[in-house]
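Novice: I'd like to go over a predicted model; first the sequence, then the structure.
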Amino acid sequence: MTDPSLTSPSEAPLRSPLSAPLSLSFPFLREGSRVWERGAPPQPRSLPSPLPTKRNRTYSATVRATSGPAFKGVCKSFCRSQGHGFIRPTNGGDDIFVHISDIEGEYVPVEGDEVTYKVSRIPPKNLKIQAVEVKIVHLNPGTKHETWSGQIISQLDES
């Protein structure tokens, strides 16, 4: 006769070490807990990004950003797969972070594109800024541009 605790995991019911019935009141499984005798360890949850995007920016931060002045700059870099890039301001200074959710228009920015943008402070200390309402005003001539839907647009040199 086999011990019931040695049956395969798919056949064994969930049991507590004390053999008392369990209620699933925990919001998540705790790694290293002896409450669960079988099952895979919980997958780590992805932490929310500390950067405010268009989707999670507070109303007051949005109002402050949209009511501010517009600046001009040049796209220094942008990685669509990572969802962010940097803008080099035309008036000098440090490069400014830009999130994919803050880019308006149909084209994915590439290095050398001229853009306009407004700025928003990044919490919690509000020491750094990020670009919001980013609009491409002039595509970099001689480069291939991609639309958000994936269509490649080849642009000829303007000479």
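Specialist: Noted; the coordinates are in hand.
Novice: residues contacting the strand ranked longest in the chain, please?
Specialist: Using DSSP state E to assign secondary structure, the strand with the most residues in the chain is strand 128-138. Strand 128-138 is contacted from outside by 51-52, 54, 57, 65-66, 70, 72-73, 75, 87, 96-99, 102-105, 107, 109, 113-122, using C-beta atoms under 8 Å, 6 or more residues apart in numbering. Quick note: C-beta positions are derived from backbone N, CA and C, even for glycine.
Novice: drop anything exposed from these.
Specialist: Buried subset of these (neighbour count, 16 or more other C-beta atoms under 10 Å): 52, 54, 57, 65, 73, 75, 87, 96-99, 102-103, 109, 113-120, 122.
Novice: ok, the spatially closest residue to Pro69 that is not a sequence neighbour - contacts?
Specialist: Counting by C-beta to C-beta, 6 or more residues apart in numbering, the nearest residue to Pro69 once its immediate chain neighbours are dropped is Lys118, at 7.2 Å. Lys118 makes contact with Ala65, Thr66, Gly68, Pro69, Ala70, Phe71, Ala131, Val132, Glu133, according to C-beta under 8 Å, 6+ apart.
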